[in-house]
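In: curious how this folds, go ahead:
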Amino acid sequence: MRRRSVLLAVPAGLVTLAGCGDEKSDTAKTKPSTSPSPSASASSAPPPKIVDGPLPAITAGTKFDEKPTVAKGSGAPSKDVAVKTVIAGSGKTVAENDYIQANYLGQVWDTAKVFDNSYDRKTPLVIQLAEGSIIDGWRYALAGKKAGSRVLMSVPPTWGYGKQGNTQAGIKGTDTLVFVVDVQNTFNAKSSAQGKDVAQDDAKLPKVGTNTDGKAPSIDVPKTAAPTKLVANYVIEGDGDVVKADSSVLVQYKGVLWDTGKEFDSTYSRSALTSFSLQQVVKGWSQGLTGKKVGSRVLIVVPPKLGYGDNPPSGSGIKKDSTLVFTVDILAKM
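Out: All right, here's what the predicted structure looks like:
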């Protein structure tokens, strides 16, 4: 299993899809995260004062998205959160509660011991800048920064892991932490697929809207018999990484019933993105998204045997043996 960031709390799953018709997808079988959540004491701390320094120097790997080498801290670190934009980006501005995609390196101020970095994993971190999802130092230091920026910060225990530290990472309760963060992208409830429109010329399949303004795309279901096999077609084809069967993804989605066209679930109506592992959802989703590219919008038609079958979620409005139709925007691979 790929080693996960020590910064992560357990990500939110796709509630209405996890634990569906296939017993092997049951949430009870989902393995808990091996990563610690941010400490309660740190999360309940008041907002910090943001100061300019002191901060150690980046001595090598000085380009954006290049693994950095950072000097040991000199003297006593600030008791506040020190933040410096080393490289100013020109992309979208990060706001609290956004999801960010970033590479990063973290080390201890006093020893320069690196306790975590994403560069060696060759997989950027995708995480929400929300209380309980990430240490508070990140929430406050990165809000207002732009995608494409490299940010250097020092985080004292109050806005890090608190007095208990993080034994998994070898962080003591008195350690101030130093991070270099390369912010690649930011996502929020207005994010959409980005790519080239693909012709939808099969009259027997639903037609999905191609708007990319953050509003829910339309789904027009034809008055024909539902397909008996899985359909997973590009509506918009992105050019990002290919999603694998064991990938976790960040998405926008909307689901309707084939028989009635009635919406039963949507991130757009909740104004909240969602993330999940393809190993935790119905087979129709896991099979339909595997092999698709990040940045894409995908039409997925899920027959009952690959969906909820005769055991739909209580209160979902989904009847037994329903065929489900989804539009899914794959925003990022996690």
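In: state the distance from A226 to P217.
Out: Shown here: A226 relative to P217, a distance of 20 Å by Cβ to Cβ, to the nearest Å. For the C-beta atoms, the positions are set from N, CA and C on the backbone; glycine is no exception.
In: my bad, should have said S133
Out: In this structure, S133 and P217 are 27 Å apart, going by Cβ to Cβ.
In: what about the strands in the stretch 1-150 of the chain?
Out: Listed in chain order, the strands of the stretch 1-150 of the chain (DSSP state E, counting those that start in this stretch) span residues 50-51, 58-60, 69-70, 81-87, 99-108, 114-117, 125-128, 150-155.
In: could you dump these to TSV with distance to Q252, mean pLDDT and mean neighbour count?
Out: Rendered in TSV, the data for those read as follows (distance: least, Cβ to Cβ, whole Å; pLDDT from 0 to 100; neighbours: other Cβ atoms under 10 Å):
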stretch	distance to Q252	mean pLDDT	mean neighbour count
strand 50-51	32	98	15
strand 58-60	35	98	13
strand 69-70	36	98	19
strand 81-87	29	98	19
strand 99-108	11	96	23
strand 114-117	29	95	18
strand 125-128	14	94	22
strand 150-155	27	98	25
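In: can you list the residues that contact stretch 292-299?
Out: The contact list for stretch 292-299 (Cβ atoms under 8 Å, 6 or more residues apart in numbering) reads 192-195, 200, 205-206, 208, 210, 217, 231-243, 249, 288-289, 325-333.
In: mind checking pLDDT for M1?
Out: Here the pLDDT value assigned to M1 is 37.
In: ok, V298 next?
Out: Reading off the confidence values, V298 has pLDDT 98.
In: bridging residues for it?
Out: V298 has the following beta-bridge partners by DSSP bridges: Y234, V328.
In: ok, now which ones touch V94?
Out: With the criterion set at Cβ under 8 Å, 6+ apart, V94 makes contact with I100, L129, L142, A143, G144, K145, K146, A147, V183, T186.
In: can you rerun that using 6 Å?
Out: With contacts taken as Cβ atoms under 6 Å, 6 or more residues apart in numbering, V94 has the following neighbours: I100, L142, K145, T186.
In: quick one: which of the contacts of stretch 292-299 sit in strands?
Out: Counting by DSSP state E, those place 208, 231-237, 249, 325-333 in strands.
In: show me just the buried residues among the residues you listed.
Out: 208, 231-237, 249, 325-333 (16 or more other Cβ atoms under 10 Å).
In: show me where the stretch 151-300 of the chain has its helices.
Out: Secondary structure of the stretch 151-300 of the chain, counting by DSSP state H, counting those that start in this stretch: helices at 267-270, 283-289.
In: roughly how far out does the longest one sit from the chain middle?
Out: Its chain's C-alpha centre and that of helix 283-289 lie 18 Å apart, by Cα atoms, centre = their mean, to the nearest Å.
In: use 38 as the first number from now on
Out: Understood, numbering begins at 38; the last thing we discussed is helix 320-326.
In: list the contacts of that helix.
Out: Residues from elsewhere that reach helix 320-326, judged by Cβ under 6 Å, 6+ apart: D59, L267, A269, V280, L315, I337, V339, L343, G344.
In: repeat that for the first one.
Out: Contact partners of helix 304-307, identified using Cβ under 6 Å, 6+ apart, comprise A253, Q289, Y290, K291, L310, T311.
In: repeat that for stretch 286-295.
Out: Among residues not part of stretch 286-295, those counted as contacts by Cβ under 6 Å, 6+ apart are 136, 163, 253, 256, 258, 263, 300-305, 310, 312, 359-370.
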